[in-house]
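Undergrad: all I have is the shape, not the residue letters:
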């Protein structure tokens with residue numbers, strides 16, 4: 001069992017071990033379980049690459065239909081077969097897929113599987129025939145089944161070996177040096193410190209879970225808890241600091257071109273020191289010709305000291321429209337830029353959620369406040385138009401202010417104590 005930081009290369013390294021195990025005559029087959037098709041395909045491609053590097057007799061990557069007894073036409077799976085008679089197979093995370101298997105089972109990003117408990121029950125049976133089960137993941141909240149298993153191991157209730165790999169551990173073992181080697185860059189301790197510091201600035205409060213392997217103890221079944229937000233009198237709103245209004249436009253470029261209505265949400269915040277104040281949020285269903293007018297009128301009301309950012313999902317067409325509109329606003333004297341959303345909605349919201357949990361977020365008492373907090377409380381990443389729009393707009397605004405208010409990196413003259421570089 002391993003709890004780990006993101007992007008430390010564990011799955012890639014494990015695929016090398018899988019290739020070596022399956023290639024041995026007295027080895028065994030390896031069954032990899034990821035939570036989506038892309039993970040499965042990448043693991044098998046890595047296995048094939050390692051087999052070639054090790055000069056092992058193996059087949060190319062194969063796609064095949066695996067009969068799990070549930071789907072009428074079976075499910076798509078991936079594998080590499082070795083001359084030893086063993087194979088490395090990547091399957092979906094249905095517990096029934098692991099029944100009657102022999103060999104070794106690998107469960108990747110266990111915290112993000114829908115039914116981890118049932119999956120583990122099916123996997124453990126492989127131990128009876130001398131196999132093994134390896135489980136690893138980044139954390140996905142303190143109440144998640146993965147972290148509950150970690151806690152049971154720590155209490156001695158499960159006889160598993162437990163391993164932890166933080167980003168600091170990986171850096172100490174040469175992760176950044178390897179990145180420089182692959183990218184053909186010259187390594188230096190100064191560059192390494194700056195690279196680590198930038199990662200922590202990018203993740204913000206979410207770094208504790210994503211990089212330091214400390215699970216986030218959020219509200220049960222949601223990302224936000226409305227009790228974390230301090231409701232304040234409008235008279236206490238900061239007069240200085242940085243202001244930003246972030247717009248989440250819930251439409252693609254194609255929808256913009258049509259004469260249809262779609263949802264638009266704009267949230268305004270202030271950042272002063274280590275405190276953030278939510279000043280206003282509006283959510284409207286407007287037509288394609290109205291969205292620009294809505295943003296312009298709101299910018300005029302907010303004033304030119306308030307930065308404007310526009311977020312719109314989609315490909316090149318969406319980017320072209322958004323950047324054209326931002327140029328229009330800049331020509332009117334407003335500081336405006338297009339922001340392309342990165343990563344999962346829940347991951348993007350974690351920084352704001354953790355800042356609120358740490359008592360660093362205020363919200364003014366106003367007409368929008370109750371509905372706004374109610375929507376954040378309901379947010380869990382599932383399809384909920386108004387809820388998701390408000391959460392996306394809020395996390396986008398917070399992350400924009402945070403990225404512009406990040407402290408300078410702290411550099412240590414000697415040694416490798418990375419704790420001084422952590423920016424929360």
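TA: Received the coordinates, thanks. Note that this is a predicted model, so its numbers are computed, not measured. Numbering: from 1, shown residues only.

Undergrad: give me the residue ranges of this structure where confidence is low.
TA: By pLDDT under 70, the low-scoring segments of the chain are 66-75, 93-100, 204-205, 217-222, 250-262, 287-289, 314-316, 343, 405-424.

Undergrad: what's the longest helix in it?
TA: Counting residues, the longest helix found in the chain (DSSP state H) is helix 385-404.

Undergrad: just how off-centre is it within its chain?
TA: 15 Å (Cα atoms, centre = their mean, to the nearest Å).

Undergrad: just the buried residues of it, please?
TA: 386-402 (16 or more other Cβ atoms under 10 Å). Placement of C-beta: from N, CA and C, glycine included.

Undergrad: same for that helix, what does it pack against?
TA: Applying 3 or more Cβ pairs under 8 Å, 6 or more residues apart in numbering; DSSP states H and E, we find helix 385-404 packed against strand 242-250, strand 262-272, strand 275-286, strand 306-312, helix 345-357, helix 369-378.

Undergrad: mean neighbour count, the ones you listed: which tops it?
TA: Most buried of the helices and strands packed on helix 385-404, by mean neighbour count (mean count of other Cβ atoms under 10 Å): strand 242-250, with a mean of 24.

Undergrad: which strands or helices does that one pack on?
TA: In terms of contacts (3+ Cβ pairs under 8 Å, 6+ apart), strand 242-250 is packed against strand 262-272, helix 291-302, strand 306-312, helix 385-404.

Undergrad: so it versus helix 291-302, what angle?
TA: Here strand 242-250 points in a direction 160 degrees away from that of helix 291-302 (axes from the mean of the first three to the mean of the last three Cα atoms, to 10 degrees).

Undergrad: by how many degrees do strand 242-250 and strand 275-286 diverge?
TA: Strand 242-250 and strand 275-286 are oriented at 30 degrees to each other (the same axes, to 10 degrees).

Undergrad: can you list the buried residues in the host helix or strand of residue 191?
TA: Assessed by DSSP states H and E, residue 191 sits inside helix 189-203. If you call a residue buried by 16+ other Cβ under 10 Å, then helix 189-203 has these buried ones: 192, 193, 195, 196, 197, 199, 200, 201, 202, 203.

Undergrad: beyond it, next helix or strand please.
TA: helix 207-210.

Undergrad: name the residues that touch that following helix?
TA: The set of residues external to helix 207-210 that reach it, using Cβ atoms under 8 Å, 6 or more residues apart in numbering, is 5-6, 138-139, 141, 199-200, 203, 214-216, 347, 350, 354, 422-424.

Undergrad: for the stretch 51-200 of the chain, what spans make up the strands?
TA: Counting by DSSP state E, counting those that start in this stretch, the stretch 51-200 of the chain has strands at residues 62-66, 75-81, 87-91, 104-108, 132-137, 163-165.

Undergrad: just checking, residue 353 touches residue 216?
TA: Yes - the pair residue 353 / residue 216 is scored as a contact, 7.4 Å apart, by Cβ atoms under 8 Å.

Undergrad: which of the helices and strands packed on helix 385-404 sits closest to residue 38?
TA: With Cβ to Cβ, the closest approach to residue 38 among those belongs to helix 345-357: 16.3 Å.

Undergrad: and the closest one, what other elements does it pack with?
TA: By 3+ Cβ pairs under 8 Å, 6+ apart, helix 345-357 packs against helix 207-210, helix 385-404.

Undergrad: wait, isn't residue 21 in contact with residue 15?
TA: No - Residue 21 lies out of contact with residue 15 (Cβ under 8 Å); the separation is 10.6 Å.

Undergrad: look at those two and report which has more neighbours.
TA: residue 15 (25 against 19; other Cβ atoms under 10 Å).

Undergrad: ok, the residue nearest to the more buried one when sequence neighbours are not counted - how many residues close by?
TA: Of all residues not flanking residue 15 in the chain, residue 46 sits nearest, at 3.9 Å (Cβ to Cβ, 6 or more residues apart in numbering). By other Cβ under 10 Å, 21 other residues sit near residue 46.

Undergrad: could I get the contacting residues of residue 19?
TA: 47, 48, 50, 51, 54, 56, 58, 80, 82, 88.

Undergrad: and residue 152, how far is that from residue 10?
TA: Distance, residue 152 to residue 10, using Cβ to Cβ, to the nearest Å: 22 Å.

Undergrad: okay, the two: which has more neighbours?
TA: residue 10 (20 against 12).

Undergrad: residues in contact with that one?
TA: Residue 10 touches 2, 4, 136, 165, counting by Cβ under 8 Å, 6+ apart.

Undergrad: please apply the same query to residue 245.
TA: Contacts for residue 245 (Cβ under 8 Å, 6+ apart) come out as 266, 267, 268, 280, 298, 299, 302, 306, 307, 308, 309, 397.

Undergrad: which among those residues gets closest to residue 158?
TA: After measuring the contacts of residue 245 against residue 158 - Cβ to Cβ - the closest member comes out as residue 397, at 42.1 Å.

Undergrad: surely that closest one touches residue 309?
TA: Yes - assessed by Cβ under 8 Å, residue 397 is found in contact with residue 309 at 7.4 Å.

Undergrad: circling back: distance to residue 159 added to the buried residues of helix 189-203, as CSV?
TA: Below are the buried residues of helix 189-203 laid out as CSV (distance: Cβ to Cβ, whole Å):
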residue, distance to residue 159
192, 38
193, 40
195, 39
196, 35
197, 40
199, 35
200, 35
201, 40
202, 38
203, 34
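
Undergrad: how about the nearest residue to the residue nearest to the spatial centre of the chain, chain neighbours excluded?
TA: Nearest to the geometric centre of the chain sits residue 347, at 4.1 Å (Cα atoms, centre = their mean). Nearest residue to residue 347 in three dimensions, chain neighbours excluded: residue 206, at 7.2 Å (Cβ to Cβ, 6+ apart).

Undergrad: which residues does the one you found contact?
TA: Residue 206 sits in contact with 216, 347, 350, 351, 354, where contact means Cβ under 8 Å, 6+ apart.
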